[in-house]
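Chemist: heads up, no residue letters with this:
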């Protein structure tokens, strides 16, 4: 049974950032990363891929290029945790023990929870598309540019999702595309969201409400997609307030699938009642097991599940993990900071930044609730470079 000082479960954004910080420090820790995937994806760019701005190939790189020097890469899937014995087991039947465990396993996309979705998404002729996977993201652009008339529906589920603003970003882009090509009067755009409004932070909600009105979007809040009949091009929604079901015909249906904690976490001793890893929201330390930490989408940190949140969570975790090793009080506190670059059209973006209290925490000396090209350029060109060459390499910014 192999032993490691620190095992990081998950080699996505959070796992690589934490591992790089631990390896880069003056006294590097011995780190193993358990991650089965050969490829790593910069998923925030998929909004612009779906809108026809970029080819999806720019989002994909080899995982091997981002494993920190000196770290051990274990290319397996975790199957179960035994935190009482500081061990875990993989699906291949291998067991590993650790001094400290960092869980950064991301979020699970549950395509099969909506009948008709898995077999239709991304398939030609179905009208069903989604920016939420590398395999299907190009189908969004294919559907959008071929949409001449009818109804385009954009959904948001009643579960936590990665990047809570993404379902509306592609809708705003689509509205702008239709306007630019003179089709906006021939296509009804519907935003069918299980949520109660456009955004949870008042300042940005007010700005987005004006954009939705400007684009004449038909908003249906409290509507959760429950099934798809791709042959008839019909989508069924549950009205959450009443339990009633309504059927909407569509010509294009962009689906944000339901998501949840990975099964191997949900059914483990590390999980809270909600299924996410249970951690202190300030220190990122597990609420029961002192040598376990977690950040990112798989944790129950009560903030948006975004890469920008991880950018602040990772240094907090590393500082506190180092202190725990030395039996010192945990010095760092995460304030819930997250960011959502809300694309509102081609060349325009609202940069939402806020904390646990849903109060704006803006980085720039201007009103970020206003649409700007500079913020669009930040998302399209600057942030990907900061991600690949900064964050994943353990550089703080």
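Modeler: Nice, I can see it. In this text, all values refer to a predicted model and were calculated from it rather than measured experimentally.
Chemist: find the nearest non-adjacent residue to residue 171, please.
Modeler: On the basis of CB to CB, 6 or more residues apart in numbering, the spatially nearest residue to residue 171 that is not a chain neighbour turns out to be residue 154, at 4.0 Å. C-betas here are computed from N, CA, C, even on glycine.
Chemist: so that neighbour versus residue 294, what's the distance?
Modeler: 31 Å (CB to CB, to the nearest Å).
Chemist: which of the two has more residues huddled nearby?
Modeler: Neighbour totals were compared for residue 154 and residue 294, and residue 294 leads with 27 against 23 (other CB atoms under 10 Å).
Chemist: does the more buried one touch residue 102 like I think?
Modeler: Yes: Residue 294 is within contact range of residue 102, at 6.9 Å (criterion: CB atoms under 8 Å).
Chemist: these two touch, right, residue 113 and residue 258?
Modeler: Yes: applying CB under 8 Å as the test, residue 113 and residue 258 come out as touching, 4.8 Å apart.
Chemist: which one's more surrounded, these two?
Modeler: Between residue 113 and residue 258, counting by other CB under 10 Å, residue 258 is the more crowded of the two (23 against 16).
Chemist: residues contacting that one?
Modeler: Contact analysis of residue 258 by CB atoms under 8 Å, 6 or more residues apart in numbering lists 109-110, 113-114, 157-159, 161.
Chemist: redo that, cut-off 10 Å
Modeler: With contact taken as CB atoms under 10 Å, 6 or more residues apart in numbering, residue 258 is in contact with 108-114, 117, 155, 157-161, 194, 224-226.
Chemist: same deal with residue 126?
Modeler: Applying CB under 10 Å, 6+ apart to residue 126 gives the contacts 116-117, 119-120, 139, 143, 228, 230-231, 233, 252-253.
Chemist: so the residue nearest to residue 171 is in which element?
Modeler: Take DSSP states H and E as the rule and residue 154 turns out to sit in strand 150-156.
Chemist: quick one: list the elements packing against that strand.
Modeler: Contacts defined by 3 or more CB pairs under 10 Å, 6 or more residues apart in numbering; DSSP states H and E place strand 150-156 against helix 166-180, strand 187-193, strand 218-221, strand 223-229, strand 234-239, strand 245-249, strand 252-254.
Chemist: can you show me the helices along the stretch 251-397 of the chain?
Modeler: Using DSSP state H, counting those that start in this stretch, the helices of the stretch 251-397 of the chain run over 263-266, 307-325, 373-377, 383-389.
Chemist: columns mean pLDDT, mean neighbour count and distance to residue 206 on top of those, output as CSV?
Modeler: Converted to CSV, those look like this (pLDDT from 0 to 100; neighbours: other CB atoms under 10 Å; distance: least, CB to CB, whole Å):
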stretch, mean pLDDT, mean neighbour count, distance to residue 206
helix 263-266, 98, 18, 36
helix 307-325, 98, 22, 21
helix 373-377, 98, 16, 17
helix 383-389, 97, 15, 25
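Chemist: how about the nearest residue to residue 170, chain neighbours excluded?
Modeler: Nearest non-adjacent residue to residue 170, counting by CB to CB, 6+ apart: residue 50, 5.2 Å away.
Chemist: and that neighbour, how many neighbours?
Modeler: By other CB under 10 Å, neighbour count at residue 50 equals 29.
Chemist: kindly report the same for the one 10 residues further on.
Modeler: As a burial measure, the neighbour count of residue 60 was computed by other CB under 10 Å and equals 11.
Chemist: can you check the pLDDT for the residue lying closest to residue 72 once chain neighbours are set aside?
Modeler: Nearest non-adjacent residue to residue 72, counting by CB to CB, 6+ apart: residue 32, 4.1 Å away. We have a pLDDT of 98 for residue 32.
Chemist: which strand or helix spans residue 32?
Modeler: Taking DSSP H and E as the definition, residue 32 sits inside strand 31-34.
Chemist: following that strand, which helix or strand comes up?
Modeler: strand 39-41.
Chemist: list the buried ones in that following strand?
Modeler: Judged by neighbour count (16 or more other CB atoms under 10 Å), strand 39-41 contains these buried residues: 40-41.
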